[in-house]
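Undergrad: Everything below, folded, please.
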Amino acid sequence: MGAANKVPGVSGGIVAFVMGFYEEFIYALQKFNIKAGKLFFSGRFKQFYQYVNGRFLSLLFLGMLISYFSVSKLLDYLIERHELYVWSVFFGMIIGSIFYIYKDFTSWNSKTILCVCLGILAGLSISFLSPATQNDNLWFVFLCGIISVTGMALPGFSGSFILILLGNYVLLLVDAVNALFDTFVFLGSGDFSFLTDETHLRLLKVLVVFTLGSIVGLISLSHLLGYILKHYKLNTLALIMGFITGSLGVVWPWKEALFKTDNLGAFINDSNGAYIIENYQRYIPELSLQTGFALLCICSGAALVLGLEWYGKHRKHIK
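TA: Residues are numbered from 1 along each chain as shown. Got it, this is the predicted structure:
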């Protein structure tokens, strides 16, 4: 989920949905309520840990954290050098996810079909929006945290792509995260010079505010989703299925980046010196060896998801 959340167009919620722990994830987050607060602040930490399903959440978030600083680094490297093939694998994974969730959904009626269509329309609409400019105002950063975390709670709704639309993807998921990583490196080497670096401290402050917004958004959204899943489960699942289907437009492998320019037509750079992507122009590929390998990557991505689904159903027999 950590790696998926960082990649624009890919939703960490899809991972939870396909792997079969999506509802447990939402209901565990719902446990962060008044009762949990009373247990925690009264010092009954063991009861608090059990009440909020602490073992499940701690292992999940630890895995996400490790993934964020390891697997996602590898993804950054691969996207930079083999972008077409990486997007092809993701495209295949989402196709596999769609096949997996549609084949087990049997409650088709006019309402669920409408929800699927609305989800598809919303997913496609988001993929063609143009990004805003970067904004490090702390209130806006807090709002970004609340909004971007929807990618974890709503399968098919990419939080990182939403940050691109809000203009803060590089600031929050690249610059701020790198600042935190550099802080650990400085502390490990006994170098405290970063304490006088205003830019570094500002990025750390931005990351803290973004994290707080994400926590608030995740907990509040989980309560809303928990209520909806309890009372409108079939329609909600149909809407999620539509979101996932619509997200194929975001991760379509064959696309060219359209870079942001100023009034004179010159490319605009971010804080790292890289050109800022404004949107993508998608196209139908020509038959070639490269296209054939990309199609093979799509098949591999779909096979990976379906293989995990098969393993999940047969793991008891395998053991």
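
Undergrad: For the protein, just list every one of the strands.
TA: 255-259, 277-282 (DSSP state E).

Undergrad: Compare the mean pLDDT across those strands and name the weakest.
TA: Lowest mean pLDDT within the strands of the chain: strand 277-282, at a mean of 69.

Undergrad: Could you report the pLDDT at the closest residue to residue 163 other than its chain neighbours?
TA: Leaving aside its chain neighbours, residue 163 sits nearest to residue 169 (4.1 Å; criterion: CB to CB, 6 or more residues apart in numbering). The way it works is simple: take the backbone N, C-alpha and C, and place the C-beta from them, glycine included. Looking at residue 169, its pLDDT is 74.

Undergrad: Tell me how many other residues crowd residue 169.
TA: Counted with other CB atoms under 10 Å, the neighbours of residue 169 add up to 25.

Undergrad: Look at the residue nearest to residue 64 when sequence neighbours are not counted and say how many residues are nearby.
TA: Of all residues not flanking residue 64 in the chain, residue 2 sits nearest, at 3.4 Å (CB to CB, 6+ apart). Neighbour count of residue 2, defined by other CB under 10 Å: 21.

Undergrad: repeat for residue 70
TA: 12.

Undergrad: And it, how close does it get to residue 64?
TA: Residue 70 sits at a distance of 11 Å from residue 64 (criterion: CB to CB, to the nearest Å).

Undergrad: Tell me the spacing between the residue nearest to residue 163 and residue 180.
TA: Separation of residue 169 from residue 180 (CB to CB): 16 Å.

Undergrad: can you check residue 307 too?
TA: Taking CB to CB as the criterion, residue 307 is separated from residue 180 by 34 Å.

Undergrad: Residue 104 too?
TA: Plainly put, residue 104 is 40 Å away from residue 180 if you go by CB to CB.

Undergrad: Comparing those two, which residue is more hemmed in?
TA: Using other CB under 10 Å as the criterion, residue 104 and residue 180 rank with residue 180 on top: 16 against 8.

Undergrad: list the contacts for that one?
TA: In this structure, residue 180 makes contact with 204, 207, judged by CB atoms under 8 Å, 6 or more residues apart in numbering.

Undergrad: wait, what's in contact with residue 51?
TA: Counting by CB under 8 Å, 6+ apart, residue 51 makes contact with 31, 35, 36, 39.

Undergrad: Return the residues in contact with residue 30.
TA: Contacts were defined as CB under 8 Å, 6+ apart; by that measure residue 30 touches 222, 223, 226.

Undergrad: Residue 255 bridge partners, please.
TA: residue 282 (DSSP bridges).

Undergrad: And the helices in the stretch 151-300 of the chain, which stretches?
TA: 159-166, 169-170, 176-188, 198-231, 233-246, 289-318 (DSSP state H, counting those that start in this stretch).

Undergrad: can you put those helices in TSV and add distance to residue 139?
TA: Formatted as TSV, the helices of the stretch 151-300 of the chain follow (distance: least, CB to CB, whole Å):
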stretch	distance to residue 139
helix 159-166	13
helix 169-170	18
helix 176-188	16
helix 198-231	8
helix 233-246	28
helix 289-318	39
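
Undergrad: now for the ones you listed, which one comes closest to residue 43?
TA: For these, the distance to residue 43 is smallest for helix 198-231, at 21.6 Å, taking CB to CB.

Undergrad: Show me what that closest one is packed against.
TA: Here helix 198-231 touches helix 22-30, helix 138-148, helix 150-153, helix 176-188, helix 233-246, going by 3 or more CB pairs under 8 Å, 6 or more residues apart in numbering; DSSP states H and E.

Undergrad: quick one: the nearest residue to residue 236 once chain neighbours are set aside and residue 292, what's the gap?
TA: In this structure, residue 236 finds its nearest non-sequential neighbour in residue 228, 5.1 Å apart by CB to CB, 6+ apart. From residue 228 across to residue 292, the span is 43 Å (CB to CB).
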